[in-house]
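# Let me see the structure of the following:
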Amino acid sequence: MKKALFSFIYFKLLGWKAEVNVPDYDKCIICAAPHTTNWDLIIGKLFIGAIGRESGFFMKKEWFFFPLGYIFRWMGGIPVNRDKRTSLVEQTVKLIKESKKFHLAITPEGTRSANSNWKKGFYFIASGAEIPIVLIGIDYERKCIYANKAIMPTGDIEKDMREIKLYFKDFKGKHPEKFDIGDI
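Below is the predicted model:
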């Protein structure tokens, strides 16, 4: 029922497409980009539901006020305090290892503004939990979300981050000027 509803909204009402060539892993980190608008969350959740999958997501704690906090938690949101150092990577790795299924979407830019200095927490989580990183590109120009590549972290973060950034280079966010992969 949920898949049918999400499919109807995503494909029929909004007119978006999906291209998915990666398996439905039991556990994975989803690296989703570009992230240039708050609409990415809605479009992304509809996409995930339309293809019959589920995923939680990290979001800054400031968004978890009443009544939005209840809605975001229901959608799979996990509040993150970005103002202080926590052991979020270690806690997430532990949670993944204790879970039978675990999918978590993270936007590597960490902001909706142009930022070539991507956060690497998603990489360290996947590496620590020894699970793949599924790369999901959101393209507003083509109204399509692509899930065509997954990588296993090798431990060579510079090489792997370059490969990840190159995957996203041709996707156009809702506000393309707010997306920056930097010099690669």
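# the helices in the chain, which residues?
Secondary structure of the chain (DSSP state H): helices at 2-7, 39-50, 68-74, 88-98, 121-129, 157-168.
# closest to residue 179 out of those helices?
helix 157-168 (8.0 Å; CB to CB). Placement of C-beta: from N, CA and C, glycine included.
# Just the angle for that closest one relative to helix 121-129, thanks.
Counting by axes from the mean of the first three to the mean of the last three CA atoms, to 10 degrees, helix 157-168 lies at 120 degrees to helix 121-129.
# residues in contact with helix 157-168?
Here helix 157-168 makes contact (CB atoms under 8 Å, 6 or more residues apart in numbering) with 31, 33-34, 108, 118, 120, 123, 133, 135, 137, 149, 151, 153-154, 179, 181-182, 184.
# Counting neighbours, which of those end up buried?
The neighbour count (16 or more other CB atoms under 10 Å) marks 31, 33-34, 108, 118, 120, 123, 133, 135, 137, 149, 151, 153, 179, 181 as buried among the contacts of helix 157-168.
# Which two of these have the greatest separation?
Using CB to CB, the two most remote members of these are 153 and 179, lying 22.9 Å apart.
# Worst mean pLDDT across the helices and strands of this protein, which element?
In the chain, the helix or strand scored least confidently by mean pLDDT, DSSP states H and E is strand 77-80, which has a mean of 68.
# now for stretch 72-89, what's the gap between its first and last residues?
With CA to CA, to the nearest Å as the measure, stretch 72-89 spans 21 Å from end to end.
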